[in-house]
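Trainee: please work out how this folds:
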Amino acid sequence: MAKQKFSKEILTSIPEERIIGKIYLIRGKKVMFDRDLAELYEVETRILNQSVKRNRERFPIDFMFQLDKKEFEIWRSQIVMSKSDEKGLRRQPYVFTEQGVTMLSAVLKSKRAVQVSIQVVRTFVKLREMLATHKELRDKIEKMERENKENFKIIFKVIARFMTTDPKGSELKIIGFGDK
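Mentor: Residues are numbered from 1 along each chain as shown. Model (predicted):
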């Protein structure tokens, strides 16, 4: 069995929050925009898109798609920046799913692209795990509420009482603006 060689060159790690902030839900799929991926890969958006066009057969519709006019206008209206035409907003952007991000590393063929793709895919997986955990927790709480409706009413009354009284039992004075 041949030993695998590992590069001693360590690329700067991208904070997970930065990647999560660039993941959007479009057409029911978690995707990343071409311009955001280009920034992470440290290439120009046009270079990334040219590489994709040269290898179009590697990017089926479930790996990558282009925003339609309506999606583009909605997205564009949500971006607040001056000189939007200079920021690559003249054309409808491409978005990439998790599988598309993985394929980009094969198309771009740089160490940076491989490392960034690994980080992005790990972030997608972590996000999926977090969402699954939250759904399970929500389902459990809803089940408990259905089965113990009266107990939950009592619990909510106690919580409400704690929110309006201090630990000594006297009522808290509400500070701020209010109706008289």
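
Trainee: what comes up buried for the longest helix belonging to the chain?
Mentor: Ranked by residue count, the top helix of the chain under DSSP state H comes out as helix 111-147. The neighbour-count check on helix 111-147 (16 or more other Cβ atoms under 10 Å) flags 113-117, 119-121, 123-124, 127 as buried. Every residue, glycine included, has its C-beta placed from N, CA and C.

Trainee: one more: stretch 49-60?
Mentor: So for stretch 49-60, counting by 16+ other Cβ under 10 Å, buried means 49, 51-52, 59.

Trainee: want to throw those into a markdown table with pLDDT?
Mentor: Output for those, formatted as a markdown table (pLDDT from 0 to 100):
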| residue | pLDDT |
| --- | --- |
| N49 | 94 |
| S51 | 93 |
| V52 | 94 |
| F59 | 94 |
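
Trainee: out of the residues you listed, list just those in helices.
Mentor: 49, 51-52.

Trainee: from those, pick the one nearest Q92.
Mentor: N49 (11.5 Å; Cβ to Cβ).

Trainee: not counting sequence-adjacent ones, nearest residue to the closest one?
Mentor: Using Cβ to Cβ, 6 or more residues apart in numbering and skipping the chain neighbours, the partner closest in space to N49 is D34 (5.9 Å).

Trainee: what about that neighbour, how many residues nearby?
Mentor: D34 is flanked by 22 other residues according to other Cβ atoms under 10 Å.

Trainee: tell me how far it lies from R161.
Mentor: Per Cβ to Cβ, to the nearest Å, D34 is found 54 Å from R161.

Trainee: same check on N148?
Mentor: 19 Å.

Trainee: low-confidence ranges, the protein, go.
Mentor: Applying pLDDT under 70 to the chain picks out residues 1-12, 79-89, 152, 156, 162-180.
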